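In: Next comes the sequence, and after it the predicted model I'd like to discuss.
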Number of protein chains: 2
Amino acid sequence: MLFHFRNKFPQLNPFWDKYLKYQKRLEVPAKTILLEEGKVSGQYIFIEKGCVRAFFNNNGDDKTVQFFFENEGLTSFESFINNVPSLVTIETIEPSIVCLLPKQYVSQLMDELSREQGFVQMILQASASRQTHYMNEFVSFIRDTPEQRYQKLLSERPHIIQRVPQHYIASYLGVSSVHLSRIKSKLAKGKLHF
Amino acid sequence: MLFHFRNKFPQLNPFWDKYLKYQKRLEVPAKTILLEEGKVSGQYIFIEKGCVRAFFNNNGDDKTVQFFFENEGLTSFESFINNVPSLVTIETIEPSIVCLLPKQYVSQLMDELSREQGFVQMILQASASRQTHYMNEFVSFIRDTPEQRYQKLLSERPHIIQRVPQHYIASYLGVSSVHLSRIKSKLAKGKLHF
DNA sequence: ACGTAACGATAACATATGTTATCAAGTTCA
DNA sequence: TGAACTTGATAACATATGTTATCGTTACGT
């Protein structure tokens, strides 16, 4: 969220910069859990290098909700703001370097910013955008077949398919990894018209 | 959104009340479209009587996203805030009485409120809650079978099943109306163990 | 360097769900 | 009142997707 703001409202950069020094820079291996489902989020996470996913657990298998890459920031927003247990686990996919900013500083920063002109408008817009994003994901999930969703991913966000193991992508698309294999092989055959 | 705020922050009631007089009260039949997919939302909708649904269209058939009843307020949030085309259509299900507050007044009200202490916190919390709601819907959509989702609806929000035609419920659950019939008949049989 | 785990493809089978068509009951409206 | 529409159930069939198991390849830790 924070970084999202930063990109969209560069005039506020001085405020962000004041808090850079409170970030804890951490080098972690793949499959490191940064926030566990059911725990309250206590820090804002910025990805300097690597990638992570957010997922929730269902019995043994899990469903991936979103992927994040370099220069993106994230947290379990609702958990962070409302002090409630997070619905998702956040876990690194690759060995990564992350910067963590404890919640107390984020709150301080928010307080400071809230006295700036136009901040409410900014918050509202950012919230609305985030909501649009989730809504679009949801709509696509319902409207499109897994095959269409895979093709969209392939054309619109190919870096995900390149970097993320296939079973995570399968769980993101909402199918079993076996079925994703089927989809891929079907698409591959479609191209071999010689 | 507005009414949601009102319930949660009664100390701000005086502000809301100032704008009541700008609301346009409208009596409309069932199947009246209050906001069309693709159009920009220009007003906040409050339901005095009746019920409405939000849905998006896919080819001919549509997918219901949410139901709203008496004393609830709604708008296509992202469209309203960011002046972008709405992803959903909003339509009455029953003959209803709705109150519409044009966007300009909502903006004015927001400006006024934004000077109040704690408003930013309130906005953030409300955004986070809304996000949690959609996330929960999404999670349930993925995690639960249509049958489980129907049973949840039955136990947690029975008024929906009582008042809303079955094919809307089917589209909300993400199945065909035929399949919802199957689910219902299966559940009915399960109860007849004599 | 070796053993183990992770990853991905494929086959065979089971199940869930969609589609189309038909029928019956209830509602609405001219 | 009667015709048209809405709502809901059911059957028959087609398709999509899940599950389990097997196999080969690659990556990784000790």
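Out: That came in fine, so what should we check first? A quick note: this is a predicted structure, and the numbers were derived from the prediction, not measured. Numbering: from 1, shown residues only, chains lettered A, B, ... in the order given.
In: Quick one: the strands in chain A, in order.
Out: A:24-28, A:33-35, A:43-49, A:52-58, A:61-68, A:73-74, A:89-92, A:96-102 (DSSP state E).
In: how about those strands, which one is nearest A:Arg143?
Out: Proximity to A:Arg143 (CB to CB) singles out strand A:61-68 among those, at 17.7 Å. No exception for glycine: its C-beta is placed from N, CA and C like everyone else's.
In: is the closest one up against chain B anywhere?
Out: Yes - when contact is scored as CB under 8 Å from any CB of the partner chain, part of strand A:61-68 falls within range of chain B: A:Lys63, A:Val65.
In: pull the longest helix from chain A.
Out: Ranked by number of residues, the top helix in chain A under DSSP state H is helix A:119-143.
In: what's that one in contact with?
Out: A:1, A:4-5, A:8-9, A:66, A:77, A:113-114, A:149, A:152, A:174, B:56, B:58, B:63, B:65, B:77-78, B:80-82, B:84, B:87, B:110, B:114, B:119-120, B:123-124, B:127, B:130-131, B:134-135, B:137-138, B:141-142, B:174 (CB atoms under 8 Å, 6 or more residues apart in numbering or on different chains).
In: can you narrow those residues to ones near DNA strand D?
Out: A:Gly174 (CB under 7 Å from any atom of the strand).
In: Filter the contacts of helix A:119-143 down to the buried ones, PyMOL style.
Out: Of the contacts of helix A:119-143, the buried ones go into a single PyMOL selection, burial set by 16 or more other CB atoms under 10 Å in any protein chain shown:
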select buried, (chain A and resi 1+5+9+66+77+113+114+149) or (chain B and resi 56+63+65+77+78+80+81+82+87+110+114+119+120+123+124+127+130+131+134+135+137+138+141)
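In: Get me the contact residues on chain A for DNA strand C.
Out: A:Pro165, A:Gln166, A:His167, A:Ser177, A:Val178, A:Leu180, A:Ser181, A:Arg182, A:Lys184, A:Ser185.
In: Neighbours of A:Leu109, how many?
Out: Applying other CB atoms under 10 Å in any protein chain shown, we find 20 other residues in the vicinity of A:Leu109.
In: what sits against it?
Out: If you count contacts by CB under 8 Å, 6+ apart, then A:Leu109 has A:Leu2, A:Phe15, A:Trp16, A:Lys18, A:Tyr19 around it.
In: And A:Val106, by the same measure?
Out: Counting by CB under 8 Å, 6+ apart, A:Val106 has contacts A:Leu2, A:Tyr19, A:Gln43, A:Tyr44, A:Phe80.
In: How about A:Tyr19?
Out: A:Leu101, A:Tyr105, A:Val106, A:Gln108, A:Leu109.
In: quick check, nearest of these to chain B?
Out: A:Val106 (10.9 Å; CB to the nearest CB).
In: Check the contacts of A:Val106 and tell me the two furthest apart.
Out: So, those by CB to CB: farthest apart are A:Tyr19 and A:Phe80, at 15.2 Å.
In: Format the strands of chain A as a markdown table; extra columns: distance to B:Leu35 and mean pLDDT.
Out: Converted to a markdown table, the strands of chain A look like this (distance: least, CB to CB, whole Å; pLDDT from 0 to 100):
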| stretch | distance to B:Leu35 | mean pLDDT |
| --- | --- | --- |
| strand A:24-28 | 46 | 91 |
| strand A:33-35 | 36 | 92 |
| strand A:43-49 | 35 | 93 |
| strand A:52-58 | 31 | 86 |
| strand A:61-68 | 28 | 88 |
| strand A:73-74 | 31 | 92 |
| strand A:89-92 | 35 | 92 |
| strand A:96-102 | 39 | 93 |
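In: can you list those in TSV and add distance to B:Glu70?
Out: As requested, the strands of chain A are exported to TSV (distance: least, CB to CB, whole Å):
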stretch	distance to B:Glu70
strand A:24-28	49
strand A:33-35	38
strand A:43-49	39
strand A:52-58	33
strand A:61-68	33
strand A:73-74	38
strand A:89-92	38
strand A:96-102	43
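In: And those strands: which comes nearest B:Arg157?
Out: Between those, strand A:52-58 lies closest to B:Arg157; by CB to CB that is 21.9 Å.
In: Summarise which helices and strands the closest one is packed against.
Out: Using 3 or more CB pairs under 8 Å, 6 or more residues apart in numbering or on different chains; DSSP states H and E as the contact test, the elements touching strand A:52-58 are strand A:61-68, strand A:89-92, helix A:166-173, helix B:119-143.
In: Ranked by average pLDDT, which of the ones you listed falls at the bottom?
Out: If the helices and strands packed on strand A:52-58 are sorted by mean pLDDT, helix B:119-143 sits at the bottom with a mean of 84.
In: What about the residues of chain A next to DNA strand C, which are in helices?
Out: Per DSSP H, the residues of chain A next to DNA strand C map to helices at A:Gln166, A:His167, A:Ser177, A:Val178, A:Leu180, A:Ser181, A:Arg182, A:Lys184, A:Ser185.
In: Name the residues that touch stretch A:95-103?
Out: A:2, A:19, A:22-30, A:32, A:34, A:41-52, A:80, A:92.
In: mind listing what's buried in it?
Out: A:Ser96, A:Val98, A:Cys99, A:Leu100, A:Leu101, A:Lys103.
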